[in-house]
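J.: Predicted structure and sequence below. I'll ask about it afterward.
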There are 2 protein chains.
Amino acid sequence: MSSTPDNGVRAYIDTHRDAFLDDLAAWLRIPSVSADPGRAGDVTRSAEWLAAELSATGFPVVEVWPTPGLPAVYAEWPSGDPDAPTVLVYGHHDVQPAAREDGWDSDPFEPVIRGGRMYARGAADDKGQVFFHTLGVRAHLAATGRTAPAVNLKLIVEGEEESGSPHFAALLRDRADRLACDTAIVSDTGMWAKDTPTVCTGMRGLADCQVDLYGPDQDIHSGSFGGAVPNPATEAARLAAALHDEDRRVAVPGFYDGVTELTDRERELFAALPFDEAGWLRTAKSHAALGETGHTTLERIWARPTAEVNGIHGGYGGPGGKTIVPATAQLKLSFRLVAGQDTGKVQQAVRDWIAARLPAGIRHEVTFWGATRPCLTPLDHPALTALTRAMGRAFEREVLFTREGGSGPAADLQDVLGVPVLFLGISVPSDGWHSVNEKVELDLLLKGVETAAYLWSDLAENWRR
Amino acid sequence: MSSTPDNGVRAYIDTHRDAFLDDLAAWLRIPSVSADPGRAGDVTRSAEWLAAELSATGFPVVEVWPTPGLPAVYAEWPSGDPDAPTVLVYGHHDVQPAAREDGWDSDPFEPVIRGGRMYARGAADDKGQVFFHTLGVRAHLAATGRTAPAVNLKLIVEGEEESGSPHFAALLRDRADRLACDTAIVSDTGMWAKDTPTVCTGMRGLADCQVDLYGPDQDIHSGSFGGAVPNPATEAARLAAALHDEDRRVAVPGFYDGVTELTDRERELFAALPFDEAGWLRTAKSHAALGETGHTTLERIWARPTAEVNGIHGGYGGPGGKTIVPATAQLKLSFRLVAGQDTGKVQQAVRDWIAARLPAGIRHEVTFWGATRPCLTPLDHPALTALTRAMGRAFEREVLFTREGGSGPAADLQDVLGVPVLFLGISVPSDGWHSVNEKVELDLLLKGVETAAYLWSDLAENWRR
């Protein structure tokens, strides 16, 4: 954390605050809902609007990149300094569906400011967080007297994140030359709380699969045959039950191979977060905490690999009873992975484990839906140190560390571009992502602007190529 | 087994064979499908047809008994001997649905005789087996020179068996005075094989339930929350998996309390049956045998209590993956019970076991759909001995013993009327119950006639009140 006094960044932000918010509101009025085929034109309009805004901001290179789906926006602003690092900022300009009748207090596509917050679909996820980079780079230039940023600054803003980024990895591969960088900064996440600025250091990976079990050729009478032939519903249950041991550790042999364990320092930093488990359970809509013995809830969701039964189905599910031995059963399983785990080896370990556990008379198929690798940036990485310092300077508070339990396009950036991924997000859990009355806190939004302004200077100074 | 020479029964049967088959065919032409509301008139017509036939047979009391559903037929023929036992024959006059286009070689409601078999829906299940009692009692009278049967003979032929006998137990309770008897003889089962006459000595009971598990208030994100809160699909699987131990014995404490174990003699008699496990597996549409260690397949399905997962459902079951912790999960479980088990105690044991196994944060409900008690007649019961002897005399072969793995109205007869239940059935597994091309073997049908004719004499002689 730095206590360096402000060098003009804040004054610039104050002067341009109102115009910045007006511009953001204009963008938020475009209902760029990627999940709605009827809104494809709005998603394209959103891309074109952003491209124009980035040109107006000063980016000398701005392009709208088509995909087989909805377009992304790319912008580039070279530093001019041959030793400056290259930074790629990631965000998305598409939004979740929203309708006033879902329970919004105002039209989700007509932004309003109430009580220091701007309410609109996309205010936090993710237009607001993309947009703070426009004022951020201008504040950086104004405060440093530069005509180009201190780092080579690139932006990639996709248009299909809310639809699962189906074309993003391919876009990264196709445009890898243009997108080459030293680090990618994802501005599509949040921080711990309004008064607790945090930097996320990683996301878990994901391998998920479907397991189909086949027993009798058709449902058969449980009175005539039950208890004397294998039952695929029972076997599906036995697999799902055996996924975890009594300590709720994943019981698949080899699953934990290579896991990067938390350091004592990381555990201390997690423990330093003001975690209210009762409040967290309310957010989880759950009525108890339960997980791997020897780890806290935060460790379990951020830093430990897990196995989850997403679905189990077999046999009769209608009203009353039906005394059958079902013909088939199906499991949907997902495995969250952490740094050090090899997604391919985990998949093979799961396949081997399933094959070894099933009795004769049960045929099975395992289908993995692909895998997302975990990503993790070590606490002592110089770019992470710079980000933490810039954020601390903006917020004037100690910056703590979080991780993200989910999995996302960040892993594509890491894997396709081969760079460490940083997370600069200023959203807070109450911002209502994917829910009604989504909003962004204006003071935090401007702290995002300020952090970006400091970050480009800090990286250029402290992380020379 | 008796080798007493025929005393006129066979000659009587030969003389009346053709008319008997013509009459049966006339009854089989009435499509008394109880499951089809549009056939309710046919079921009533079937009852009236049978009532007329029983009157013509000579029963002095014949009544059609209405129920809240479809009618039953009751008939009574007193012996006149104050010390004669009273026998109640049970059968049903409704049939399973059938249509030519299901794959029948001929119209299911236009009986045809081909190769010594009569093909029609209901030929074996159960009209043929009810009907052999008409010629049976007449042959008995003709051969003995009596004008009334040697036993007090009662028949109850219900019209809703193929629809689960929803009003049968209530009918038994309401008419208990009229139905009072010393034994009930169920003619709605089969024997081992054409060349292996057998008597069934019992049916398993049934207790089945639904278990609903509730975790999060709604499906939640498995990346954000998975691995740190209880998952009802996992808990449902853990319950279903824990139902059996590694020996595939039911692991619910107290489940086996009171179980009447097979005697060495019963195990020997089961083992004496020419059991072809590969053929049985084909019938079971299954690809391996699996069940309680230390017991044969026949022991497992006939004489051992079992637990079966009839259905398990929780979370996502659509295409691809969905990374959730589901809000709910459901199990459908059925327990087959054998003599000596108390259905109420088994239900309580299951409830207690479930409650003790679930972690905090999982709410649950267990709903039992009621219970059917097991029934079992000991091998040395005098009525069973008489039945075995009569059958052996008709078939001129050693009669072996089977049991029935399923559960049925036989238990209502046993429980409501408080009498031992015997099973006199001449159907064979290839008869196509509930399937296409249902048929009855004519020579076996006439052996049924003959067995009944001998049985009334034998019971009256050897089982005085």
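T.: Yes, it's here.
J.: So the spatially most central residue of chain A, which state does it fall into?
T.: Most central in chain A under CA atoms, centre = their mean is A:G408, positioned 4.6 Å from the mean C-alpha point. Per DSSP: H, G, I helix; E, B strand; the rest coil, the local secondary structure of A:G408 is coil.
J.: Then the one 4 residues further on?
T.: The three-state label given to A:D412 by three-state DSSP is helix.
J.: hmm, back to that, for the residue nearest to the centre of chain A, give me its contacts.
T.: Residues counted as contacts of A:G408 (CB atoms under 8 Å, 6 or more residues apart in numbering or on different chains) are A:S165, A:D188, A:M203, A:T372. Quick note: C-beta positions are derived from backbone N, CA and C, even for glycine.
J.: Go again with 6 Å.
T.: When contacts are counted by CB atoms under 6 Å, 6 or more residues apart in numbering or on different chains, A:G408 touches A:M203.
J.: Backbone dihedrals for it, both of them.
T.: Summarising the backbone geometry of A:G408 under the convention degrees, to the nearest 10, its torsions are phi -160, psi -170.
J.: Model confidence for it, exactly?
T.: Reading off the confidence values, A:G408 has pLDDT 78.
J.: burial count for A:E53?
T.: 20 (other CB atoms under 10 Å in any protein chain shown).
J.: quick one: it from chain B, how far?
T.: Between A:E53 and chain B the computed distance is 32 Å (CB to the nearest CB, to the nearest Å).
J.: before we move on, what about A:D257?
T.: From A:D257 to chain B the distance is 18 Å (CB to the nearest CB).
J.: Give the closest residue to that residue in space, chain neighbours not counted.
T.: Leaving aside its sequence neighbours, A:D257 sits nearest to A:K345 (CB to CB, 6 or more residues apart in numbering or on different chains; 6.7 Å).
J.: Tell me if I am right that that neighbour is in a helix.
T.: Yes: secondary structure assignment places A:K345 in a helix (three-state DSSP).
J.: Which parts of stretch A:211-228 count as buried, going by neighbours?
T.: By neighbour count with 16 or more other CB atoms under 10 Å in any protein chain shown, stretch A:211-228 contains the buried residues A:211-216, A:219-220, A:222-228.
J.: what sits up against that stretch?
T.: Applying CB under 6 Å, 6+ apart, the contact partners of stretch A:211-228 are A:230, A:232, A:235-236, A:323-331, A:362-366, B:284-286, B:289, B:291, B:297, B:300-301, B:306, B:308, B:334, B:405-407.
J.: Over to stretch A:443-462?
T.: A:9, A:13, A:84-85, A:128, A:132-133, A:135-136, A:139-140, A:149-151, A:386, A:389-391, A:393-395, A:426.
J.: Centre of the chain to stretch A:170-184, how far?
T.: Per CA atoms, centre = their mean, to the nearest Å, the displacement of stretch A:170-184 from the mean C-alpha position of its chain is 19 Å.
J.: what does stretch A:10-17 give?
T.: For stretch A:10-17, the separation from the chain centroid amounts to 30 Å (computed by CA atoms, centre = their mean).
J.: for stretch A:179-188, same thing?
T.: What separates the centre of stretch A:179-188 from the centre of its chain is 14 Å, taken as CA atoms, centre = their mean.
J.: do the same with stretch A:283-302
T.: Here the centre of stretch A:283-302 is set off from its chain's centre by 19 Å, with CA atoms, centre = their mean.
J.: One more: stretch A:141-153?
T.: The chain centroid and the centroid of stretch A:141-153 are separated by 29 Å under CA atoms, centre = their mean.
J.: Can you point out the buried residues in that stretch?
T.: For stretch A:141-153, by 16+ other CB under 10 Å, it's A:L141, A:A142, A:A143, A:T144, A:R146, A:A148, A:P149, A:A150, A:V151, A:N152, A:L153.
J.: hmm, back to that, which of the contacts of stretch A:211-228 are buried?
T.: Of all those considered here, the ones buried according to neighbour count by 16+ other CB under 10 Å are A:230, A:232, A:235-236, A:323-331, A:362, A:364, B:284-286, B:289, B:291, B:297, B:300-301, B:306, B:308, B:334, B:405-407.
J.: Just to be sure, which of those residues are found in strands?
T.: In this view, the buried ones among the contacts of stretch A:211-228 that belong to strands under DSSP state E are A:I324, A:V325, A:T328, A:A329, A:Q330, A:L331, A:H364, B:T306, B:E308, B:S334.
J.: just the residues you listed now: which is nearest B:H434?
T.: Proximity of those to B:H434 was ranked by CB to CB; the top entry is A:I324 with 13.3 Å.
J.: Please report how far the closest one lies from chain B.
T.: Separation of A:I324 from chain B (CB to the nearest CB): 5 Å.
J.: do the same with A:R351
T.: A:R351 sits 16 Å away from chain B, going by CB to the nearest CB.
J.: name the element that residue belongs to?
T.: In this structure, A:R351 sits in helix A:343-357 according to DSSP states H and E.
J.: Show me what counts as buried in that helix.
T.: Quick answer for helix A:343-357 (16+ other CB under 10 Å): A:T343, A:V346, A:Q347, A:A349, A:V350, A:R351, A:W353, A:I354.
J.: how far away is the last one from B:H313?
T.: Just to be clear, that refers to A:I354. In this view, A:I354 and B:H313 are 20 Å apart by CB to CB, to the nearest Å.
J.: Same check on the first one?
T.: For A:T343, the distance to B:H313 (CB to CB) stands at 29 Å.
J.: in the stretch 51-200 of chain A, which spans are helices?
T.: Under the criterion DSSP state H, counting those that start in this stretch, the stretch 51-200 of chain A carries helices at the ranges A:127-144, A:168-174, A:176-179.
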